[in-house]
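J.: Sequence first, predicted coordinates after that:
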Amino acid sequence: MSEKGKKESPEQIEFREYCREWLSKNTPGDPPVRLPQMAIEITTQAEMDYLVPWQKAAWEAGLCGADYPKAYGGGGRTGCQLIANEEMQRVGTPYFPNVIALGMAAPTILHHGSEELKKRFIPKILSCEEIWCQGFSEPDAGSDLASVQTFAERAGDNWVINGQKIWTSLATFSSWMIILCRTDRSVKHKGLTYFIVPIESYIGKGIEVRPLIKITGETGFNEVFLTDLEIPDKYRLDDVGNGWSVAMTTLIHERGAGPMVTPSAGGRRADDAPGNAMDLIDLARQSERNGRPAAEDPVIRDRMIELIIRQKGFRQSIRRVRVKGLVDNPMRIGLQGKLLFTEIAQEVSALALEIEGAASTLFMNDENAPNKGQWPLMYLNSYGMTIAAGTSEVLRNILGERVLGMPKTK
Amino acid sequence: MSEKGKKESPEQIEFREYCREWLSKNTPGDPPVRLPQMAIEITTQAEMDYLVPWQKAAWEAGLCGADYPKAYGGGGRTGCQLIANEEMQRVGTPYFPNVIALGMAAPTILHHGSEELKKRFIPKILSCEEIWCQGFSEPDAGSDLASVQTFAERAGDNWVINGQKIWTSLATFSSWMIILCRTDRSVKHKGLTYFIVPIESYIGKGIEVRPLIKITGETGFNEVFLTDLEIPDKYRLDDVGNGWSVAMTTLIHERGAGPMVTPSAGGRRADDAPGNAMDLIDLARQSERNGRPAAEDPVIRDRMIELIIRQKGFRQSIRRVRVKGLVDNPMRIGLQGKLLFTEIAQEVSALALEIEGAASTLFMNDENAPNKGQWPLMYLNSYGMTIAAGTSEVLRNILGERVLGMPKTK
Amino acid sequence: MTQPKDFGFGVEEQLLQTEARKFFKKQLDELTLMELVGGNSDPHRDSECLWDEKMWEQMADLGWTTMAVPEAFGGTGMSGVAVASFIEETGRVALPSPLMATVNSSYVLSACGTDEADSVLKEIAGDKTAGLAITNQKGSWCSMDTDVSAVVTEDKATLNGMAWFVQDARKVDLFLVKAESEAGIGLYAVSADAPGVTILPDSIVDLTRDQARVNFEGVAIGADKIVAAPGKGNLALDAAEPAILTMISADMCGAAEWQLQTTVAYAKTRMQFERPIGFFQAVKHPVVNMMIMIDCARSLVFNAACAIDHEPEQAKAAAHMAKAAASDMAAFCSGRSVQYHGGMGFTWECFVHLFFKRQIHNQVLFGDAAYHRAELAEMLIGPLVAGG
Amino acid sequence: MTQPKDFGFGVEEQLLQTEARKFFKKQLDELTLMELVGGNSDPHRDSECLWDEKMWEQMADLGWTTMAVPEAFGGTGMSGVAVASFIEETGRVALPSPLMATVNSSYVLSACGTDEADSVLKEIAGDKTAGLAITNQKGSWCSMDTDVSAVVTEDKATLNGMAWFVQDARKVDLFLVKAESEAGIGLYAVSADAPGVTILPDSIVDLTRDQARVNFEGVAIGADKIVAAPGKGNLALDAAEPAILTMISADMCGAAEWQLQTTVAYAKTRMQFERPIGFFQAVKHPVVNMMIMIDCARSLVFNAACAIDHEPEQAKAAAHMAKAAASDMAAFCSGRSVQYHGGMGFTWECFVHLFFKRQIHNQVLFGDAAYHRAELAEMLIGPLVAGG
């Protein structure tokens, strides 16, 4: 079902036309290498060499950063990034590679950075000249983010940082990192300060990046070790001791509930995203399980339809969240987004394995694996999704506490 | 599948023969009134008039109280109550009415009572001469039993009790009550003391019993108000301040994990107990749902079989718990019993409603209700089961903490 | 056709929603509801039909009882989303009334498109109430199944047989009866007090509804009461099905939201282990899951309600989704609402059982979740050939 | 027949269990296993077959590789519960070995009851390993389905076709091949290195197993290798099915118990929010559910294992129950074991993925949960006539 709007502004209507026109001539061709399922899993320069020019072209055309002020390299429009995203997803463009920068660093700098920092960093984020990574999690600070121990010590006009960050996607390609550091050990949340740190130029001189291997065998996540890394005070975002509230700006955008719409070329159409339950129908039509056609198995049908319905409901909720009268608490839907997207994707891929039957044992390198083994890969990766960026457990706490007002479990 | 033992003692073998012989001649006829699903729901004298003589006869024959010492009116046998229970359940005798006394009061008195109390009370429990109820829960002390506020104040050789108990099954028929009282407000668990109190003789003189109505409309539970009720110190069980550990003896027997096997005529065969998943098959064969035969619906079949399997697994666990080498921690199975029995019963009755389709709207008084409306009744009552005697939530805590050793959630 | 982004839920719809919420909050708080329907707790009580006819008259004065009757026939002719949002409010207070029956009948009559049907719509606009007598003993929701037969001559029709699971049978003035004759399924408007009509009340679990078998014994009606000719009745029912499914689902969302809010409030105040029980994730997280399931069902309800007006070719699939999601959601939320109220929630005096029982009724009414998933599977995957 | 109350699990069985646990604890701790199978993490790696043949020789010396071969043919001929409890121990360490393949083959051969089969049993007793080549491309576990054909003459048989999903194909000395000829399904013992046999390794998710297609191209074998004559092979497979299902389920229980204990240990030590994460009911309660599901499956495994020897008429139903419960249990426990290890559990260096992947393989092997429930439904309710 199309959900094209009735009530778009003249600017939006015109911009949509413009996007369609531009995209009809300017989408990149097929990638020369097989791209990973998500941008955070990029591990090779060949992937980057294909994706970076694409983002740059989209930025130059105004499709990446449409709603950012012109002063910071944006398009200076209102409510247009969503239009661009929709149109890019409609024609199935590849994703943008600078996802951490677009989704987290840029809105955080916009809200908490000095004018100098905004002018210096946001344009190069949008144009993809500089790739960013994020230094939040540590080995002992996962769900409990406020317990980070990486320490930034004041040294005159500079700060000296020591510590270790983990699960750092894109670190091997990054010029810059947003980082949450402790500046006071005597208090928990109020002892945190938020910085921007150079990565690329300090590799081997205070910065060490070590790749981590995921259970899928893919790399992409890294550990980043910071040793006596010295940075100027101007790279601090917001006040000393105010890092937690800056981090909240980052997280709310990461979870898709922030005020700035993240430029997202999507990689695929919305209905074609990883974990799309509708894909199960085709899979079932091609699969035999236990010797019988999966699409003829009533129990499998029931469960496919159940997931299709839940996924449809989630998408309709995203539609409903903007309708006055049909939402009492605006956070109620928004804060469900990441939780539902990842849990449904997990269930969809688990069901895909059941549909495949014996063939679900086959992995990516097997010539007989259905869909080239993408479903077992997706199932394994789904646990990264339900763990990273707020575990499902933490997100349910947040929903219970912030939306329903139940007492904190701590 | 029969699970008749290979390795029974000569006493057990002989006793089983004896039980069969006796039961072949001595089971009571059909009840003159429709009995409630469980003994704790008895509300009329007519029900008692049918059930009390039955328990008395079974006691006289040695089938009720077989393992209790002869000095306390028991049979003085070893491992024979289980045999009697099995044989009574095999032929489908009615349940014993004095369930609270048999399942909770008797083992508690046996383990914590003075010789005088054991001699005075246990024989009349087994013979059903005196019915008992239990005074544990209070309006503000449900799951958190240790927070009971009913206060017993020392007055010379006596205690004066004031407070309110709730969910008191059988209170209207009871001569005696086991009760957990606070005797010290300055400490929580160590401030509790356990007593026996006379009920019947104090009605209107310090004891008031008010029936509660359940969501089914049935009565059976009561509130009991105690006002300046004075009892002698000899009715105290165990030491002052030791009430919590006495209560644990009661609860472990209530949950079926205590050392004394509760005399249980079962009312039905084990496979015929309330919430038996196998019953769903017959129901499905008789039911049309949405215009089609329920037994032909593959999704319904899948879910029926799933419950049948889980119930079978639970019963096999009860068998496994006694086999050395197949159980690492003896509490691991025992403490699951009440939780699984009640949750499976809830799911079974919920599925029964789905099987019945539109007819699940019909209640007990409707001539067209399948099985006389027993399944909706069972479904409603199942919430009593998952709440009373340790909510499912509290039981999962206990399993996680006592069996798996995880930290206490409190 | 495409749907408007905002479901077409504009200022007017918001106003109606606010009005309705205010009205029902004032007229039917929980204690009033309990006094109305919970007086007799005996499980062996005779079947009862308890509702507030005065409130119904007020609702009629406000134009709320004719909202699914097109303006052309004297109704208030509201959009699908307006009706859904209104019915959601009635579910939130577990309103006992013939509203849903009348609304459903209005949709069926509109779908008939005959002069005879239009004239019955005018009767509803004139404050008559109507109900559907369309289900057989097997509880089939398929438009082709009925246990009532019709013999149709030029100037009249004679009905014989029994309609089962008729909703709010004792509250309505007339029935739309599905009956089969040689030429197929027709729909017949029959006055509830016509000779030969016998209402046999069911004893039901839900305290906020009445349900009955309705027997037709040689019931003769004039040709002007044949609202859909033989062979056409099933088509009208099929056309109205999306609206019927959407509205029952809306009722369920309202009731579930009451359960959610009430359970949250209890979890914040009920203390155990020196904590409000909402502190414990064993309570908190399933309550969050209640909210998640409600939001999913509710979004699907408004999608389906919008489709009725704006994307009719998608309305059937959308309505199957809404009812399937609502039925699963209702089962889960009802169970949790009783469980987390603990012993208190298991007593008659606590309000939660009123909503719990209404939802048990709703879950199965017009088909349960598994049924609608199977129907949707037929649409999306194709028919099942063998038994799998 | 009736089952002994204690499942027939006596002193001897306990001893074997204790021995096995000690042996594997010493020989195959997690780090050793990781070094054995986890060296190459590349998802595009070539198919590998990694196992410790030295350990296998030790196991053979202890008589553990012939436990399902009757004593009459030189095996150690253990009871069903003994074998199940031993295999449970191998699952607990995720042992890569041809044990299950060999045990399954032994059960099938015993069920053949022919001199030819007995002589292959003697070969296994003489420390040969064997595997089943019985599955077709559609992944059917039905004893009647195969993609291999046989042409049988008086003194020999010739096989053509492909067997799919052959377990531990590169670890075994001979295959029992299910092939169809005009006279029906027969079973044929074929040496893994016979001319015309090609093993085409699969690239699989599980790191502790190998799986392959095995192609037979004009493979000729003597009549003395026809272990079940055409028309009899399916009967032997049906007779052995309860044991096969029971043993795979036992493996799953062992692996799941490792997951449970490891997750509990982590939950007790991993601190977040100034608490061990096991404090939080969002972790604690699902971990309890892991235990509950393991106990259910494990009890059904021993019930089924006991039935094989003591109540064969019930063994089929009991085995369907065991595998259905084990597959659901494995899916749940595996998922939770990764989730509650958090980011750490998502890394290659953490051991949990080894067991997670083995369970993915186990879940589907010899039929998943839904399949066995459908089979059991046929037995308990009767065949499905229409598509429902």
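T.: Ah, there it is.

J.: make it CA atoms for all contacts and neighbour counts henceforth
T.: OK.

J.: quick one, helices of the chain?
T.: No chain in the question, so chain A it is. A:10-26, A:45-60, A:81-91, A:99-100, A:106-112, A:115-126, A:243-254, A:279-286, A:298-320, A:330-334, A:337-356, A:374-387, A:392-398 (DSSP state H).

J.: meant chain C actually
T.: For chain C, the helices defined by DSSP H occupy C:11-27, C:30-37, C:53-61, C:80-92, C:99-112, C:115-125, C:233-269, C:281-310, C:312-340, C:342-345, C:352-364, C:369-380.

J.: Please compute how far the first one lies from its chain's middle.
T.: From the chain centre to the centre of helix C:11-27 is a distance of 19 Å (C-alpha atoms, centre = their mean, to the nearest Å).

J.: between it and helix C:30-37, how many degrees?
T.: For helix C:11-27 against helix C:30-37, the angle by axes from the mean of the first three to the mean of the last three C-alpha atoms, to 10 degrees is 70 degrees.

J.: counting contacts, what elements does helix C:11-27 pack onto?
T.: helix C:80-92 (3 or more C-alpha pairs under 8 Å, 6 or more residues apart in numbering or on different chains; DSSP states H and E).

J.: what does the helix it packs on contact?
T.: Contact partners of helix C:80-92, identified using C-alpha atoms under 8 Å, 6 or more residues apart in numbering or on different chains, comprise C:7-9, C:13, C:16-17, C:20-21, C:24, C:67-68, C:100, C:243, C:246-247, C:250-258, C:301-302, C:305-306, C:308-309.

J.: Repeat that for stretch C:121-128.
T.: By C-alpha under 8 Å, 6+ apart, stretch C:121-128 touches C:60, C:65-66, C:69, C:73-75, C:102, C:106, C:109-110, C:130, C:172-174.

J.: most neighbours, which of those residues?
T.: Within those, neighbour counts (other C-alpha atoms under 10 Å in any protein chain shown) peak at residue C:130, which reaches 32 neighbours.

J.: any idea how far it is from residue C:100?
T.: Distance, residue C:130 to residue C:100, using C-alpha to C-alpha, to the nearest Å: 9 Å.

J.: With residue A:81 instead?
T.: Going from residue A:81 to residue C:100 by C-alpha to C-alpha gives 43 Å.

J.: Who has more neighbours out of these two?
T.: Neighbour totals were compared for residue A:81 and residue C:100, and residue A:81 leads with 26 against 22 (other C-alpha under 10 Å).

J.: tell me the domain ranges of chain A?
T.: Here the domain assignment for chain A is A:3-126, A:132-254, A:279-403, based on automatic domain parsing.

J.: The residue of chain A found nearest chain D - nearest residue in space that isn't next to it in sequence?
T.: Per C-alpha to the nearest C-alpha, residue A:291 is where chain A lies closest to chain D, at 3.7 Å. Leaving aside its sequence neighbours, residue A:291 sits nearest to residue D:140 (C-alpha to C-alpha, 6 or more residues apart in numbering or on different chains; 3.7 Å).

J.: tally of neighbours for that neighbour?
T.: With neighbours defined by other C-alpha under 10 Å, the count for residue D:140 comes to 23.

J.: Identify the residues contacting it.
T.: By C-alpha under 8 Å, 6+ apart, the contact list for residue D:140 reads A:289-292.

J.: And residue 57, what's its pLDDT?
T.: The chain I'm using is chain A. Among the per-residue scores, residue A:57 holds a pLDDT of 97.

J.: that's the other chain; I wanted chain C
T.: Note for residue C:57: predicted pLDDT of 97.

J.: and if you look at the one 3 residues further on?
T.: Here the pLDDT value assigned to residue C:60 is 97.

J.: hang on, isn't it packed against residue C:66?
T.: Yes - Residue C:60 lies in contact with residue C:66 (C-alpha atoms under 8 Å); the separation is 7.5 Å.

J.: OK, contacts around the residue of chain A most remote from its centre?
T.: Distance from the C-alpha centroid of chain A peaks at residue A:291, with 39.5 Å (C-alpha atoms, centre = their mean). By C-alpha under 8 Å, 6+ apart, residue A:291 lies in contact with D:136, D:138-142.

J.: do the same with residue C:345
T.: Residue C:345 neighbours (C-alpha under 8 Å, 6+ apart): C:337-339, C:351-353.

J.: what do you get for residue C:266?
T.: Contact analysis of residue C:266 by C-alpha under 8 Å, 6+ apart lists residue C:341.

J.: What residues does the stretch 301-410 of chain A have near chain D?
T.: A:354, A:357-366, A:376, A:383-384, A:386-388, A:391, A:393, A:410 (C-alpha under 8 Å from any C-alpha of the partner chain).

J.: Which of those residues are buried, as a ChimeraX select command?
T.: Command for ChimeraX, covering only those of these found buried under the criterion 16 or more other C-alpha atoms under 10 Å in any protein chain shown:
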select /A:354,357,358,359,360,361,362,363,364,365,366,376,383,384,386,387,388,391,393
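
J.: among the contacts of residue C:345, which are within reach of chain B?
T.: Near chain B, judged by C-alpha under 8 Å from any C-alpha, the entries from the contacts of residue C:345 are C:338-339, C:353.

J.: In the stretch 101-250 of chain C, which residue sits nearest chain A?
T.: Scanning the stretch 101-250 of chain C for the residue nearest chain A gives residue C:250, at 12.3 Å (criterion: C-alpha to the nearest C-alpha).

J.: Please report how far the residue farthest from the centre of chain A lies from residue C:381.
T.: Using C-alpha to C-alpha, residue A:291 is found at 19 Å from residue C:381.

J.: quick one: the strands in the stretch 51-200 of chain A?
T.: A:132-135, A:151-155, A:158-166, A:176-182, A:192-198 (DSSP state E, counting those that start in this stretch).

J.: so what strands line up beside the last one?
T.: Based on DSSP bridges, the pairing partners of strand A:192-198 within the sheet are strand A:176-182 (antiparallel), strand A:236-237 (antiparallel).

J.: Do I have it right that residue C:131 meets residue C:175?
T.: Yes - with contact defined as C-alpha under 8 Å, residue C:131 counts as touching residue C:175 (4.9 Å).

J.: Who has more neighbours out of these two?
T.: Neighbour count, other C-alpha under 10 Å: between residue C:131 and residue C:175, residue C:131 has more, with 29 against 25.

J.: Which residues are in contact with the more buried one?
T.: Applying C-alpha under 8 Å, 6+ apart to residue C:131 gives the contacts C:98, C:101-102, C:104-105, C:166-169, C:172-176.

J.: if we go to 10 Å?
T.: Neighbour list for residue C:131: C:98-106, C:166-177, C:189-190, C:192 [criterion: C-alpha atoms under 10 Å, 6 or more residues apart in numbering or on different chains].

J.: what subset of these is also close to chain D?
T.: For chain D, no contacts are drawn from the contacts of residue C:131 by C-alpha under 10 Å from any C-alpha of the partner chain.

J.: Among those residues, name the buried ones.
T.: So, by 16+ other C-alpha under 10 Å, the buried ones in those are C:98-106, C:166-177, C:189-190, C:192.

J.: how is chain C carved up into domains?
T.: According to automatic domain parsing, chain C comprises the domains C:5-126, C:130-231, C:234-381.

J.: Quick check: which of the ones you listed is buried the most?
T.: domain C:234-381 (a mean of 24; mean count of other C-alpha atoms under 10 Å in any protein chain shown).

J.: can you tell me the distance between the two ends of that one?
T.: Domain C:234-381 has an end-to-end distance of 24 Å (C-alpha to C-alpha).

J.: mean confidence for that domain?
T.: Mean predicted confidence for domain C:234-381 is 97.

J.: What separation is there between residue C:109 and residue C:123?
T.: Residue C:109 sits 11 Å away from residue C:123, going by C-alpha to C-alpha.

J.: Dump stretch C:311-321 to PDB, restricted to CA.
T.: C-alpha atoms of stretch C:311-321 as PDB (Å, rounded to 0.1, in the frame of the first residue of the first chain):
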ATOM      1  CA  GLU C 311      -8.300   2.000  -0.400                       C
ATOM      2  CA  PRO C 312     -11.200  -0.500  -0.600                       C
ATOM      3  CA  GLU C 313      -9.200  -3.000  -2.600                       C
ATOM      4  CA  GLN C 314      -6.900  -3.400   0.400                       C
ATOM      5  CA  ALA C 315      -9.600  -3.300   3.100                       C
ATOM      6  CA  LYS C 316     -10.100  -7.000   3.300                       C
ATOM      7  CA  ALA C 317      -6.400  -7.800   3.900                       C
ATOM      8  CA  ALA C 318      -6.100  -4.900   6.300                       C
ATOM      9  CA  ALA C 319      -9.100  -6.000   8.300                       C
ATOM     10  CA  HIS C 320      -7.900  -9.500   8.600                       C
ATOM     11  CA  MET C 321      -4.600  -8.100   9.900                       C
END
